[in-house]
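**Q** Take a look and give me a structure for this.
(one chain, ligands or ions: 1)
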Amino acid sequence: MDFSTIFENNEKWIAEKLAVDPDYFKQLSKGQSPEFLYIGCSDSRVTAEDLMGLQPGEVFIHRNVANQVIPTDNNINAVIQYAVEHLKVKYIIVCGHYECGGVKAALHPSDMGQLNSWLQTLRDVRRLHREELEAIEDDHARFDRLVELNVREQCMNIIKIDHVQRSWYKTGFPKIHGWVFDVRTGKLIDLGLKMEQEFAPIREIYDLKPV
Ligand code: CO
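**A** Numbers count the residues shown, from 1 in each chain. The predicted model follows:
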């Protein structure tokens, strides 16, 4: 693709939007009040708005390698805090995807330089669920399952965050959902995680509710 194509595409996109609503960008510039925070993988095949059918202004987005929520990552902490405290999003979605290169790397350890520390938490997910994963004979099924378990663990990491808990206890929101995008079919799959129930058995470890 020629680099200039992108700017031609942009001009076409502007014309399309203005043809439907001449005030489109005037309205867009007034502010945002999305109900969703989407945390997904940086993978170029997994486009957030497109696969959800959402428009500009409807979803706050953070993407990183293998959709991880790492407590010392200043970037994601700022995104989540802004989304919860200021945008007051109702839903936080962690969306993994099958055929995820980051998850695959965690299944096949090798020295990847700068990526080593980033992938470490994925290896931790593998260790936490080692028994279940090793019981799966088919390599690809094991890979798929680690994608799903990673989503579950990252949802759990969101609940561990102090300001998320504060909001949770005060308003009941944000609700936390785990999804997987199947790049093989285009289907978005809700893993049906019940995070409040999932949190219950580990509440005594992570609950930060003031006593
Ligand atoms: Co990925």
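**Q** mind giving me the domain ranges of this protein?
**A** Domain assignment of the chain by automatic domain parsing yields the ranges 1-30, 31-206.
**Q** hey, which helix or strand in this protein has the poorest pLDDT?
**A** Using mean pLDDT, DSSP states H and E, the weakest-scoring helix or strand in the chain turns out to be helix 195-199, at a mean of 86.
**Q** hang on, the earlier thing: tabulate the domains of the chain (a markdown table), appending mean neighbour count.
**A** No exception for glycine: its C-beta is placed from N, CA and C like everyone else's. Shown next, in a markdown table, are the domains of the chain (neighbours: other CB atoms under 10 Å):
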| stretch | mean neighbour count |
| --- | --- |
| domain 1-30 | 10 |
| domain 31-206 | 16 |
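**Q** what separates Asp73 from Ile80, distance-wise?
**A** Here the distance between Asp73 and Ile80 works out to 10 Å (CB to CB, to the nearest Å).
**Q** Let's have the domains of the chain in CSV, adding distance to the ion.
**A** Formatted as CSV, the domains of the chain follow (distance: least, CB to the ion, whole Å):
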stretch, distance to the ion
domain 1-30, 22
domain 31-206, 3
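**Q** Please report how far the most centrally placed residue in the chain lies from Ile92.
**A** Taking CA atoms, centre = their mean, the centroid of the chain lies closest to Ile39, which sits 2.1 Å from it. The gap separating Ile39 from Ile92 is 7 Å, by CB to CB.
**Q** any chance you could map the helices in this structure?
**A** Assigned by DSSP state H, the chain shows helices spanning 3-20, 24-28, 48-52, 74-81, 101-107, 115-128, 130-134, 139-159, 162-171, 195-199, 203-206.
**Q** ok, and what's touching the third one?
**A** In this case it means helix 48-52. Helix 48-52 is contacted from outside by 38, 40, 54-56, 58-59, 61, 63, 95, 181, 186, 188, using CB atoms under 8 Å, 6 or more residues apart in numbering.
**Q** wait, what's in contact with Asp73?
**A** Contact analysis of Asp73 by CB under 8 Å, 6+ apart lists Asn64.
**Q** Find me the pLDDT at it, would you?
**A** In this model, Asp73 is scored at 95, pLDDT.
**Q** Quick check: it vs Val79, distance?
**A** 9 Å.
**Q** low-scoring stretches of this protein, by residue?
**A** 210-211 (pLDDT under 70).
**Q** can you rerun that using 80?
**A** For the chain, applying pLDDT under 80 flags the ranges 209-211.
**Q** that older thread, could I get the helices of the chain as a markdown table with distance to Asn67?
**A** Formatted as a markdown table, the helices of the chain follow (distance: least, CB to CB, whole Å):
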| stretch | distance to Asn67 |
| --- | --- |
| helix 3-20 | 25 |
| helix 24-28 | 27 |
| helix 48-52 | 11 |
| helix 74-81 | 10 |
| helix 101-107 | 8 |
| helix 115-128 | 10 |
| helix 130-134 | 18 |
| helix 139-159 | 6 |
| helix 162-171 | 17 |
| helix 195-199 | 16 |
| helix 203-206 | 20 |
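**Q** rewinding a little: any idea how far the residue nearest to the centre of the chain is from Tyr82?
**A** Here Ile39 is placed at a distance of 13 Å from Tyr82 (CB to CB).
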